[in-house]
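Asks: no letters, just coordinates:
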């Protein structure tokens, strides 16, 4: 993975989006992100610290080393953690494929929204397993854009989502990786692999999720690739805009949106 | 809805399939199908009694009147209930659009895998609401074929599933109705509508679901429309068979399958 390979980019709006995402999803995906007191935990691919700011306070008696390939992200994460007065995290720039840690160094490893960007996720998992102690716990969380469905249905919205899938694939990633967590984790040689779906289902009775997930997270993410997707001729600007309109349409009082994240637990 | 409109047909294999389906899904979809002791509950569209045999024993202090449009199904349901020594159910042939009951006759109403077959689901919900007492509870459960995704992905499997969606639409039904439960129930004028997704996620660590859901339920259902779909020229026989092969392929040790049912609760 190279810095350039990260499709979402590193601009300010993106940082706001990633933080919005974390706040609305934290209960659904992190309700059981726990490590034993006294654990040393590697968070690999921490980005700007959106997940770090959830899991570090939730595991106050654990110590985290959070790494990312991007020095800019690490620098932004540092500001965010300082602002939130989080002190049990050490930030370092490092490559997930070539970790600067000895074998069996960590009691726990956590990876969230990272494998989707990697060309060789199993290689990364094997490297993460290397630095994990025997019987140590690994937690992996990924989304799956192919899991998204909504009401009213829209062909243009589907095509706009497909642009994101293709752009990420073009960069060597896989937007639909969530469903493959079980085979990926087992083929990396991890033991007792257990994967559960974490569904974000939003209708008008859940205004927080409609606002925080349908609009600010998912649709904003797809909207964010408009220039790339239309410049590369993947879709007409008008069609793309119709797709975005139809995604926002699912946030109206009679609309529905469903998206599934997957969370895998395993031990070494 | 006419007897002929029921796409799955009424043969023996289908009855086995519906019963298999009930046994593997019962905990996921019926864990909270409860009615107050002493309630009189209408189960609308009971078919051969696959759901009746789960919910009646689970609500021993309630009395059920279970109806279906098909006299054959009612007759088969009667045999099944006698065999299971279930005594708190009265079976009757009746039309969900024109119920032979007075207004506000029931304390509870339950509909499971029925709206998907109807041309006018809101009309049916309004008629069900008519016979429900004020403050009575309605439970509606439906699947959604558009929610299905799997690993490895397969274009042929998608096309085979689409045949089922098109055949059911041709009969006036909607295989993707699950996601629309919230807007349907609210537009029928029901109150306090609350819909939750019920995900059936199966990987090799869940052999019961792999066998009971991926193979015996979902793939068997799609396989069951082979003749209709290929005779109507919706798909080549070879392509259809490849789709079925690929669906079975998802039940191998590195395969994954996810399907979402939706369950709605509401009061009148």
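Replies: Good, I have the coordinates. What you see is a predicted model, and the numbers here were worked out from it, not measured in a lab.

Asks: can you pull out the strands in the stretch 51-200 of chain A?
Replies: Using DSSP state E, counting those that start in this stretch, the strands of the stretch 51-200 of chain A run over A:63-68, A:89-93, A:106-112, A:132-142, A:149-151, A:191-202.

Asks: distance from the chain centre to the first one, please.
Replies: The offset between the C-alpha centroid of strand A:63-68 and the centroid of the whole chain comes to 16 Å, using Cα atoms, centre = their mean, to the nearest Å.

Asks: each with direction, which strands does it pair with?
Replies: In its sheet, strand A:63-68 lies beside strand A:40-44 (parallel), strand A:89-93 (parallel), with partners assigned from DSSP bridges.

Asks: next, the angle from it to strand A:106-112.
Replies: When axes from the mean of the first three to the mean of the last three Cα atoms, to 10 degrees is applied, the directions of strand A:63-68 and strand A:106-112 differ by 40 degrees.

Asks: repeat for the last one
Replies: Taking the same axes, to 10 degrees, strand A:191-202 and strand A:106-112 form an angle of 30 degrees between their directions.

Asks: in the helix or strand just after strand A:191-202, what's buried?
Replies: Counting by DSSP states H and E, the next helix or strand C-terminal to strand A:191-202 is helix A:207-209. For helix A:207-209, the neighbour count (16 or more other Cβ atoms under 10 Å in any protein chain shown) marks residue A:209 as buried. Backbone N, C-alpha and C define where each C-beta goes, glycine included.

Asks: still on that earlier bit, what's the most buried one of the strands paired with strand A:63-68?
Replies: Most buried of those by mean neighbour count (mean count of other Cβ atoms under 10 Å in any protein chain shown) is strand A:40-44; its value is a mean of 24.

Asks: what mean pLDDT does that strand have?
Replies: For strand A:40-44, mean pLDDT rounds to 98.

Asks: neighbouring contacts of it?
Replies: Strand A:40-44 is contacted from outside by A:35, A:51-52, A:55, A:59, A:62-67, A:89, A:96, A:99, A:101, A:105-112, A:114, A:124, A:128, A:131-132, using Cβ atoms under 8 Å, 6 or more residues apart in numbering or on different chains.

Asks: one more time with 6 Å, if that's ok
Replies: A:35, A:52, A:62-67, A:96, A:106-111 (Cβ atoms under 6 Å, 6 or more residues apart in numbering or on different chains).

Asks: per-residue pLDDT, the residue in chain A sticking out farthest from the centre?
Replies: Of all residues in chain A, residue A:238 has its C-alpha farthest from the mean position, at 29.1 Å, by Cα atoms, centre = their mean. Residue A:238 is assigned 96 on the pLDDT scale.

Asks: adding mean pLDDT, write the strands of the stretch 51-200 of chain A out as a markdown table.
Replies: Formatted as a markdown table, those follow (pLDDT from 0 to 100):
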| stretch | mean pLDDT |
| --- | --- |
| strand A:63-68 | 98 |
| strand A:89-93 | 98 |
| strand A:106-112 | 98 |
| strand A:132-142 | 97 |
| strand A:149-151 | 97 |
| strand A:191-202 | 95 |
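
Asks: now render the ones you listed as CSV, adding distance to residue A:213.
Replies: CSV is the format used below for these (distance: least, Cβ to Cβ, whole Å):
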stretch, distance to residue A:213
strand A:63-68, 24
strand A:89-93, 26
strand A:106-112, 16
strand A:132-142, 15
strand A:149-151, 12
strand A:191-202, 5
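
Asks: looking at these, which is closest to residue A:181?
Replies: With Cβ to Cβ, the closest approach to residue A:181 among those belongs to strand A:191-202: 4.9 Å.

Asks: quick one: strands adjacent to the closest one?
Replies: Counting by DSSP bridges, the strands paired with strand A:191-202 are strand A:256-267 (antiparallel).

Asks: how about the helices in chain A?
Replies: A:12-30, A:52-58, A:71-83, A:121-130, A:155-170, A:181-187, A:207-209, A:220-223, A:226-231, A:237-249 (DSSP state H).

Asks: most packed of these?
Replies: Highest mean neighbour count among the helices of chain A (mean count of other Cβ under 10 Å): helix A:181-187, with a mean of 23.

Asks: who does it touch, helix- and strand-wise?
Replies: Packing partners of helix A:181-187 (3 or more Cβ pairs under 6 Å, 6 or more residues apart in numbering or on different chains; DSSP states H and E): helix A:121-130, strand A:191-202, strand A:256-267.

Asks: how far away is residue A:197 from residue B:85?
Replies: 37 Å (Cβ to Cβ, to the nearest Å).

Asks: to residue B:268, which of the helices of chain A lies closest?
Replies: Evaluated with Cβ to Cβ, the helices of chain A place helix A:207-209 nearest to residue B:268, the distance being 24.0 Å.

Asks: which residues does the closest one contact?
Replies: residue A:202.

Asks: please tell me how far that helix is from the chain's geometric centre.
Replies: The answer for helix A:207-209 is 20 Å, by Cα atoms, centre = their mean.

Asks: ok, stretch A:110-121 next?
Replies: For stretch A:110-121 - counting by Cα atoms, centre = their mean - the centre lies 8 Å from the chain centre.

Asks: how about stretch A:233-245?
Replies: Centre-to-centre, stretch A:233-245 and its host chain are 25 Å apart (Cα atoms, centre = their mean).

Asks: contacts for that stretch?
Replies: Around stretch A:233-245, the neighbours that count as contacts under Cβ under 6 Å, 6+ apart are A:156, A:157, A:159, A:160, A:163, A:223, A:226, A:229, A:230.

Asks: can you tell me how far the closest residue to the fifth one other than its chain neighbours is from chain B?
Replies: Meaning residue A:163. If the residues on either side of it in the chain are set aside, residue A:163 comes closest to residue A:229, at 3.9 Å by Cβ to Cβ, 6 or more residues apart in numbering or on different chains. Applying Cβ to the nearest Cβ, to the nearest Å, the value for residue A:229 to chain B is 21 Å.
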